[in-house]
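Asker: Next one to model:
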Amino acid sequence: MCNNHQKAIVADDTPAFFAIDNYGFPEAGEHPADPPNYYPPYFSSERFQRLGYHVEELRDGFYWITSGGYDAAFVVTNDGVIAIDAPPTIGENMLAAIEEVTDKPVTHVIYSHWHTDHIGAASVFGSGVEIVAHEITKELLERFPDPKRPIPTLTFDKDYTLIVGGVTLELSYKGENHCPGNIFIYAPAHRVLTVIDIISPGSATFMHCDASQNIMGWYQAQQQLTEFDFDFLVAGHHMSYGTPETVKASIEYFADVLAGAQAAVDRFSRSDALIGILDGAGWDKVFVGTENWINSMANYATKYVLEKRSSNGQLWSERLAGVTTQTKYHAYTVLESIRLERPRPNYRLRGENAPPFLT
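Answerer: Prediction:
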């Protein structure tokens, strides 16, 4: 064994954190508390702590339900209930919440997209319901079957209007964003929009742009939210439903992430800058140098966002929950999106001593 082989890994296994030295992720250090208005009163209530869910009527029979991290929705119509998603963290509490407000059966279930964290308890509704989804969602569930995510029975391509018991829901697909098949669900009479995993109201959103697949499409979907006339947004995550104001705040935050990531790419992704970083690690440790290069860009972008005053004069950590822990992950994902998805300004020219280009 050579002398510079990897070091032995020592683990520190505690209930609070599993740590390893040398090669793993460190435990989160000292961070500011989340903004005080981020946690609604229900979150600390005895009922929520006991039952694990909160349900709230947004308008005229359209209900929002949350586990305090994941959320879904349902609409009570004259002919039955339309459920929108069924996260496993809510599970049978979807049925409990519906039974709190009506004795009507669930007749329809809408899948926002195919991910199991949002529809992985859909089997609780039984086998007699109509399941509506985008055709890509059906294709993916047929390819990767899961008995807890029954196959959709009714699919569409671009647009579909679902009318049940006097309630109209307008379903539309605007292209891949968070994942293929992720749809917009709009209740015009209620002025409620449901779009999952595009923003998380009041927070910086879960790491890596909510584990989204098409980051350009994900940014585009944020702007598409603003094309709807809504008072409430069911967004899929965190402590509250969204409003036009919280949507605007999230869009502004991620615009700053994009600006910081672009500045980082412009500085560190030049071919001459990359060579300098690789030189520093040594040419027998190219992947060490590569990690230093990527992390330099992510750190630069993170500093840009955390030090920038937002439009209301506050730092982002004063305005949104999770900013100091999640921004570095968003920065990495967005700078990689710039490198992978967006047009390049140049490329290497032939010949010796070619001028710098973006790598």
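Asker: Check the chain and tell me which residue is nearest its centre.
Answerer: The centre of the chain sits closest to Asp210, judged by C-alpha atoms, centre = their mean, with a distance of 2.7 Å.
Asker: now stretch 70-89, how far from the chain's geometric center?
Answerer: Put simply, stretch 70-89 sits 20 Å off its chain's centre (C-alpha atoms, centre = their mean, to the nearest Å).
Asker: re earlier: give me the nearest residue to the residue nearest to the centre of the chain, chain neighbours excluded.
Answerer: Counting by C-beta to C-beta, 6 or more residues apart in numbering, Asp197 is the residue found nearest to Asp210 once chain neighbours are left out, at 4.7 Å. C-betas here are computed from N, CA, C, even on glycine.
Asker: that older thread, output the host helix or strand of the residue nearest to the centre of the chain in CSV with nothing but the alpha carbons.
Answerer: Counting by DSSP states H and E, the element that carries Asp210 is helix 207-211. Backbone C-alpha positions of helix 207-211 (Å, rounded to 0.1, in the frame of the first residue of the first chain) are rendered in CSV as follows:
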residue,chain,number,x,y,z
MET,A,207,-30.9,22.0,-1.3
HIS,A,208,-30.0,21.8,-5.0
CYS,A,209,-33.1,23.8,-6.1
ASP,A,210,-35.3,21.2,-4.5
ALA,A,211,-33.4,18.4,-6.3
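Asker: what sits up against the helix or strand just after it?
Answerer: Going down the chain from helix 207-211, the next helix or strand is helix 215-225, by DSSP H and E. Outside helix 215-225, the residues within contact range by C-beta atoms under 8 Å, 6 or more residues apart in numbering are 174-178, 182, 184, 193, 195, 198-199, 209-210, 212, 233, 247, 250-251, 254, 258, 333-334, 336-337, 341-342.
Asker: Now list the buried members of these.
Answerer: 174, 176-178, 182, 184, 193, 195, 198-199, 209-210, 212, 233, 247, 250-251, 254, 258, 333-334, 336-337 (16 or more other C-beta atoms under 10 Å).
Asker: The strand ranked longest in the chain: partners in the sheet, and parallel or antiparallel?
Answerer: With residue count as the measure and DSSP state E as the assignment, the chain has strand 69-77 as its longest strand. Strand 69-77 sits in its sheet next to strand 62-66 (antiparallel), strand 80-84 (antiparallel), strand 237-238 (antiparallel), going by DSSP bridges.
Asker: hmm, back to that, avg pLDDT for the helix holding Asp210?
Answerer: When pLDDT is averaged over helix 207-211, the result is 97.
Asker: which other helices and strands contact that helix?
Answerer: Under the contact criterion of 3 or more C-beta pairs under 8 Å, 6 or more residues apart in numbering; DSSP states H and E, the helices and strands touching helix 207-211 comprise helix 215-225, helix 323-340.
Asker: Pick the most deeply packed of those.
Answerer: Sort those by mean neighbour count, taking mean count of other C-beta atoms under 10 Å, and helix 323-340 sits at the top with a mean of 21.
Asker: Report the secondary structure state of the residue nearest to Asp210.
Answerer: When classified by DSSP: H, G, I helix; E, B strand; the rest coil, Asp197 comes out as coil.
Asker: what's the burial count for Gly260?
Answerer: Counted with other C-beta atoms under 10 Å, residues neighbouring Gly260 total 26.
Asker: Could you do Val286 as well?
Answerer: Residues within reach of Val286, counting by other C-beta under 10 Å, total 11.
Asker: if we can go back for a sec, how deep is the residue nearest to Asp210 tucked in, by neighbour count?
Answerer: Asp197 is surrounded by 25 other residues when neighbours are defined as other C-beta under 10 Å.
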